[in-house]
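>>> Following is a predicted model, sequence given first.
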Amino acid sequence: MLIRCAVPLLLLFYVAESQPVTVNCNELLMGQFLCPDPAKNQIDPKTQQLRGCTKENRARVWCIAANEINCTETGNSTFTREMPCKWTNGYHLDTTLLLSVFLGMFGVDRFYLGYPGIGLLKFCTLGGMFLGQLIDIILIALQVVGPADGSAYVIPYYGAGINIVRSDNTTFRYCNQLYCMQQ
């Protein structure tokens, strides 16, 4: 008799539908949304970065909330959110590397990147007796030397882009037990 009563009760809980929750999607936690929305093509083929990337290295993209979450902004599960990107101005890394390898002794790579003074110096010294050319090839390949206007190189979106982490006076360095702890 107890089993006969429990089965319909369990089916009632199993069949019960959950209602969508309406929230402010800008306050969602990680894992409750997916950015950028993979259903939309948000990568610009010309710059290989998110569409609408600004000089402040931010782009507003469409995101999608998890199941059963509706956004107050749009009334459905999609919303916009700012994401980091790399602002580019048309300087390609592969072009810069080719110029540096084959014409670096004449400073063509530095003229291309917008450094005419260094380009003229490399031209007059034959690439710093080819040692400066070799150093430039390494610095450009490591993306330490970039375009003079402060933009990033055009690199495929899932390509070999590097994020350089720099330290300053506010950086905290932690060492393990073999080393000391510095502040």
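Now that the structure is in, tell me what you want to look at. Residues are numbered from 1 along each chain as shown.
>>> Would you map the helices across the protein?
2-15, 93-103, 108-113, 116-124, 126-129, 131-141 (DSSP state H).
>>> Other residues contacting the fourth one?
Right, the one you point to is helix 116-124. With contact meaning CB atoms under 8 Å, 6 or more residues apart in numbering, helix 116-124 is reached by Gly104, Met105, Phe106, Gly107, Val108, Asp109, Arg110, Phe111, Gly128, Gly132, Gln133, Asp136. In this view, the C-beta of every residue, glycine as well, is placed from N, C-alpha and C.
>>> Turn these into TSV, including neighbour count, distance to Lys46 and pLDDT.
Output for the contacts of helix 116-124, formatted as TSV (neighbours: other CB atoms under 10 Å; distance: CB to CB, whole Å; pLDDT from 0 to 100):
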residue	neighbour count	distance to Lys46	pLDDT
Gly104	26	26	94
Met105	20	31	94
Phe106	17	29	95
Gly107	28	27	94
Val108	18	23	96
Asp109	28	22	95
Arg110	26	24	95
Phe111	17	23	96
Gly128	18	34	88
Gly132	19	32	91
Gln133	22	30	94
Asp136	26	26	95
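>>> Buried deepest among the helices of the chain, which one?
Sort the helices of the chain by mean neighbour count, taking mean count of other CB atoms under 10 Å, and helix 108-113 sits at the top with a mean of 21.
>>> Find the least confident helix or strand in this protein, judged by mean pLDDT.
helix 2-15 (a mean of 46; mean pLDDT, DSSP states H and E).
>>> you'd agree Gly127 is up against Phe106?
Yes: counting by CB atoms under 8 Å, Gly127 does reach Phe106; the two are 7.3 Å apart.
>>> Pretty sure Thr22 sits against Asn76.
No: look at Thr22 against Asn76 with CB under 8 Å: they stay out of range, at 10.1 Å.
>>> okay, and the common contacts of these two?
Asn70.
>>> Give me the most central residue, this protein.
Geometric centre of the chain, nearest residue: Cys85, 4.5 Å, by CA atoms, centre = their mean.
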